[in-house]
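A.B. asks: dropping the sequence and predicted coords here.
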Amino acid sequence: MADLKAGRDVVLPAEVSRLVLKGATLPRALRKWRGLTQVQLAEMTGLAQSYLSELEAREGKRGTPEAWVKIAQALDVPANWLAEGRAEPKASSVG
């Protein structure tokens with residue numbers, strides 16, 4: 001987050017990029033990268049686990065901006081990565 005606040009480009013961690021390339025949605029990849037289950041993330045955000053599951057689905061719900069902000073805060077990632085549930089940050093070129 002410090003890089004983002006300083007105006008530097010922020011790239012996805014390599015592990016997240018790998019998960020996305022293997023077919024995971026970005027929200028699911030970020031959650032797994034943080035080592036959380038949907039239940040744990042639900043507890044952290046106050047959102048229902050079933051709602052998180054729908055947000056993580058490839059063709060799932062789009063979600064509200066407020067929900068994405070809560071998820072981003074819980075995952076400690078920039079909220080714009082999850083904007084409208086389909087973020088497009090730069091992919092990592094590392095390993």
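C.D. replies: Perfect, I can see it now.
A.B. asks: tell me where the model's unsure across the chain.
C.D. replies: 1-10, 84-95 (pLDDT under 70).
A.B. asks: please name the nearest non-neighbouring residue to the residue nearest to the spatial centre of it.
C.D. replies: Most central in the chain under CA atoms, centre = their mean is Pro27, positioned 3.4 Å from the mean C-alpha point. In this structure, Pro27 finds its nearest non-sequential neighbour in Glu56, 4.9 Å apart by CB to CB, 6 or more residues apart in numbering. C-betas here are computed from N, CA, C, even on glycine.
A.B. asks: OK, contacts around the one you found?
C.D. replies: 25, 27-28, 31, 38 (CB atoms under 8 Å, 6 or more residues apart in numbering).
A.B. asks: kindly recompute the last result at 7 Å.
C.D. replies: Counting by CB atoms under 7 Å, 6 or more residues apart in numbering, Glu56 touches 25, 27-28.
A.B. asks: return the alpha-carbon coordinates of the longest helix anywhere in the chain using CSV.
C.D. replies: For the chain, the helix reaching the highest residue count under DSSP state H is reported as helix 65-75. In CSV, the C-alpha atoms belonging to helix 65-75 read as follows (Å, rounded to 0.1, in the frame of the first residue of the first chain):
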residue,chain,number,x,y,z
PRO,A,65,-18.9,-0.6,-4.4
GLU,A,66,-19.2,-0.7,-0.6
ALA,A,67,-18.8,-4.5,-0.6
TRP,A,68,-15.7,-4.3,-2.7
VAL,A,69,-14.2,-1.6,-0.4
LYS,A,70,-14.8,-3.9,2.6
ILE,A,71,-13.2,-6.8,0.8
ALA,A,72,-10.2,-4.8,-0.3
GLN,A,73,-9.7,-3.4,3.2
ALA,A,74,-9.8,-6.9,4.7
LEU,A,75,-7.4,-8.2,2.1
